[in-house]
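In: Sharing a sequence plus its predicted fold:
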Amino acid sequence: MTAVLAAGTLLVTTAGCGGGEDGASSAGSASSVAASPVAERTTTASPGKDTLTPAGARTALITEGDLEDDWTQVSAKDAASWEDELVVGTVDTQQFLTGKTQAADCQRLLDGLYGDDLLGRPSGASALTGFTEGVSRLLYQVGAYDRDDLDESLDWLGSLTTECDQFTAKGPGGTLTVQVVEISSLPKVGDAREGVTVTVKGTSGGEPVTLTLDVAAVRVGDDAITVTNGGYDGVDHDSTKAAMSHGTTRLKDVREGRTPAPEPSEFD
């Protein structure tokens, strides 16, 4: 599942849980999203032992009430079709001191941004939803993973601000310049978390464009949520943090057999 960018319209993807339980596609849209990596990690114990079911994954998805501002929820079918061709590119290996290893990490970032599977494919149930606000898009995914694979993916995500802090790639429209920085002050939720802001500068329709995306992931036991949020007009970090915070609460409720509240009692 991916997010699509068409002339003048942005579709953002929430990276990480591609192949969600619900699908989606956005009508004739245009740009999308990509971003990922670094923030904080914790090592607390898993909160639950229940296996995430397809119904549970759908119930754990956030709603408009979990986000600040004027986000509008779209169908899962629309959200699943979001793609952004701006992030399609082949990394220039010559720019890295350690060569193949760093280049592979950065290529994995670009590929994951386009395919919305930065954490890899879920091993169990998964679901997704999407939201729009102006030309910005927020993709939210929930999925069950193999724990070892999930921890490896989070470690990789957390390394990107060092391994791929700035690099170039060759895209269909010319050279892409990519910068990855840490998202500061992520909410201390879940058992582990990572978050980065990715900025991609390139050309779309013959015009220079800049795509800015937050990509954040939170582990809760063997399950995880992934948020991809942003667009060509920048990114609202507060919406990313709200999705992480309230989404983690919903996922914990589902894992523990409770029904999540319709809306959070208060925003962070």
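Out: Cool, the structure landed.
In: Going by C-alpha atoms from here, please, whenever you check contacts or count neighbours.
Out: Will do.
In: Show me what whatever helix or strand Val178 lives in is packed up against.
Out: According to DSSP states H and E, Val178 maps onto strand 174-182. Counting contacts by 3 or more C-alpha pairs under 8 Å, 6 or more residues apart in numbering; DSSP states H and E, strand 174-182 packs against helix 147-163, strand 166-171, strand 192-204.
In: With mean pLDDT added, can I get the ones you listed in CSV?
Out: As requested, those are exported to CSV (pLDDT from 0 to 100):
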stretch, mean pLDDT
helix 147-163, 95
strand 166-171, 93
strand 192-204, 95
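In: any chance of the ones you listed in a markdown table, plus mean neighbour count and distance to Ser75?
Out: Converted to a markdown table, the helices and strands packed on strand 174-182 look like this (neighbours: other C-alpha atoms under 10 Å; distance: least, C-alpha to C-alpha, whole Å):
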| stretch | mean neighbour count | distance to Ser75 |
| --- | --- | --- |
| helix 147-163 | 18 | 27 |
| strand 166-171 | 19 | 30 |
| strand 192-204 | 25 | 25 |
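In: can you list the ones you listed in TSV and add distance to Met244?
Out: Output for these, formatted as TSV (distance: least, C-alpha to C-alpha, whole Å):
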stretch	distance to Met244
helix 147-163	15
strand 166-171	26
strand 192-204	9
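In: between the ones you listed, which gets nearest to Gln95?
Out: For the helices and strands packed on strand 174-182, the distance to Gln95 is smallest for strand 166-171, at 7.3 Å, taking C-alpha to C-alpha.
In: how about the CA coordinates for the closest one, as CSV?
Out: Only the C-alpha atoms of strand 166-171 are listed here, as CSV (Å, rounded to 0.1, in the frame of the first residue of the first chain):
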residue,chain,number,x,y,z
GLN,A,166,21.6,13.4,4.0
PHE,A,167,21.9,11.7,0.6
THR,A,168,21.0,11.9,-3.0
ALA,A,169,19.2,9.6,-5.3
LYS,A,170,18.3,9.4,-9.0
GLY,A,171,14.6,9.6,-9.6
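In: just for the stretch 151-268 of the chain, where's the confidence low?
Out: 265-268 (pLDDT under 70).
In: now do 90
Out: By pLDDT under 90, the low-scoring segments of the stretch 151-268 of the chain are 172-173, 184-185, 204-207, 259-268.
In: just the stretch 1-150 of the chain next, same as before
Out: For the stretch 1-150 of the chain, the stretches flagged by pLDDT under 90 are 1-51, 68-69, 80-88, 92-102, 115-118.
In: Strands along that one, start to end?
Out: 72-74, 90-91, 126-133, 136-144 (DSSP state E, counting those that start in this stretch).
In: So which of these is nearest Arg255?
Out: strand 136-144 (11.1 Å).
In: Report all helices and strands that the closest one contacts.
Out: strand 126-133, strand 223-231.
In: The first one - contacts with which helices or strands?
Out: This means strand 126-133. So strand 126-133, by 3+ C-alpha pairs under 8 Å, 6+ apart, packs with helix 54-59, strand 72-74, helix 76-80, strand 136-144.
In: I'd like these laid out as TSV, including mean neighbour count and distance to Ala243.
Out: Output for these, formatted as TSV (neighbours: other C-alpha under 10 Å; distance: least, C-alpha to C-alpha, whole Å):
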stretch	mean neighbour count	distance to Ala243
helix 54-59	20	15
strand 72-74	18	13
helix 76-80	24	16
strand 136-144	32	8
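In: before we move on, back to that, determine how far the strand holding Val178 lies from the middle of the whole chain.
Out: 16 Å (C-alpha atoms, centre = their mean, to the nearest Å).
In: Sounds good, over and out.
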